[in-house]
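*Asks:* what follows is a predicted structure for the sequence shown.
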Amino acid sequence: IYQIASNGMEYLMDTQEFMVRNTDWDRVCLELLYLKFDRSIYDFSGLNNFPILKSGSVVYGDDRFENCNYAIKLSNSDYLEVNSLNERAISFWFKMEKPEQMIIYDGGPMGEEFKNWNVGIYKPGGLGTMTSFDTTFGLYFDIGSLAIAVPFDGLKSGWHFVAISRDISRFTNFRIMLDGKFSAGFVFDELDTINSWTKFDQQPFSFPSNRFGVPNRHDNYYKSYIGVDAQGEKIWGKGQSYFDGWLDEFHIYGKLLNEREMYELYTLKDPSPIEATITSTQYTCSSGDLTVKSTGSAKNLRYMWNTG
């Protein structure tokens, strides 16, 4: 019997037949896209939302665990296009090739007028004249006329984890995790009477005006883009409209992620491949049980399924 806990896998029994139990089926069942970048851009969510590589060519390299060819490099004209998804949360690992202000993700929910939301990195002095806190690097998120900035100078080098969860039905539940922490940040609401950056000492973030502003319908197909802004726009008109660096373990979810779920993604252990042959499965998403029959080694076990 194997049990997956938030701190990883517990090896309780060495046999050819075993059971995997994970109490967090809600998150897994609502995963819309999962890119491991293990020498491919295959979608491991089981929903076949395969991204399309646009321009350039794929370059693979070492991930944060130094697994060979288990991360993807994007630069200049390289980006991935994903068909319409009802995104509510994303998470990924990234490493910039050079310290610069740049876009990482341009995406949004299918069919909604305020479609365009961006995720990127800002650099010192990169957020205009109305702020004095941008003395370091940090993570940037915007949707319509609203923006969030979370200062974190460490982003300029090395591998880092990002998870963002947003509630589009309300304006009071935006969470951003950086390397396992929900840090203080600043909110900009163009439609608020103050029209300036407001500091939030703790998350979740909220917006005073409760409005998204003028819709941005730049994409008739409501697609999402990894590694570029579809319109070529830059964060506050500065830096690059494309990502120059490495990406790994890219997840897109159709639900809000709570703090525990985001932390579990951050603490996920080495995702190197397993040596096992799955012969049969029985599962029920609502009950939280998954029975897997397997032969071979189950080191670093991962599992996937579809609804077919």
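*Replies:* Yep, that arrived. Numbers count the residues shown, from 1 in each chain.
*Asks:* please count neighbours and contacts with C-alpha atoms only from this point.
*Replies:* Noted.
*Asks:* tell me where this structure has helices.
*Replies:* Using DSSP state H, the helices of the chain run over 25-29, 259-266.
*Asks:* which one of the ones you listed has the lowest average pLDDT?
*Replies:* Lowest mean pLDDT within these: helix 25-29, a mean of 51.
*Asks:* for this protein, what helix or strand is lowest in average pLDDT?
*Replies:* When the helices and strands of the chain are scored by mean pLDDT, DSSP states H and E, strand 17-21 comes last with a mean of 37.
*Asks:* what count of nearby residues applies to F141?
*Replies:* Around F141 there are 22 other residues, counting by other C-alpha atoms under 10 Å.
*Asks:* my read: it touches A163, true?
*Replies:* No - using C-alpha atoms under 8 Å, F141 makes no contact with A163, being 11.2 Å away.
*Asks:* ok, M262 - contacts?
*Replies:* Listed by C-alpha atoms under 8 Å, 6 or more residues apart in numbering, the contact set of M262 reads 91, 163, 177, 180.
*Asks:* let's see that with 7 Å instead.
*Replies:* With contact taken as C-alpha atoms under 7 Å, 6 or more residues apart in numbering, M262 is in contact with A163.
*Asks:* can we start the residue count at 32 from this point?
*Replies:* Sounds good: first residue 32 from here, last item M293.
*Asks:* I'd like the distance between it and S71.
*Replies:* Per C-alpha to C-alpha, to the nearest Å, M293 is found 25 Å from S71.
*Asks:* for D165, same thing?
*Replies:* Applying C-alpha to C-alpha to D165 and S71 gives a distance of 37 Å.
*Asks:* who's more crowded, these two?
*Replies:* Set side by side, D165 and S71 show more neighbours around D165, with 21 against 15, by other C-alpha under 10 Å.
*Asks:* in contact with that one, which residues?
*Replies:* Residues near D165 by C-alpha under 7 Å, 6+ apart: 155-158.
*Asks:* go with 8 Å
*Replies:* D165 neighbours (C-alpha under 8 Å, 6+ apart): 154-158, 182.
*Asks:* restricted to strands, list the residues you listed.
*Replies:* P182 (DSSP state E).
*Asks:* with neighbour count as new columns, can the contacts of D165 be given to me in a markdown table?
*Replies:* Listed next are the contacts of D165 as a markdown table, based on neighbours: other C-alpha atoms under 10 Å:
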| residue | neighbour count |
| --- | --- |
| K154 | 25 |
| P155 | 16 |
| G156 | 16 |
| G157 | 21 |
| L158 | 20 |
| P182 | 24 |
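*Asks:* just the contacts of D165 now: which is nearest S188?
*Replies:* K154 (12.2 Å; C-alpha to C-alpha).
*Asks:* count of neighbours near the nearest residue to that closest one once chain neighbours are set aside?
*Replies:* Leaving out its chain neighbours, the residue that sits closest to K154 by C-alpha to C-alpha, 6 or more residues apart in numbering is F168, at 4.3 Å. When neighbours are counted by other C-alpha under 10 Å, F168 registers 23.
*Asks:* with the one 5 residues further on instead?
*Replies:* The criterion is other C-alpha under 10 Å. On that basis, D173 has 19 neighbouring residues.
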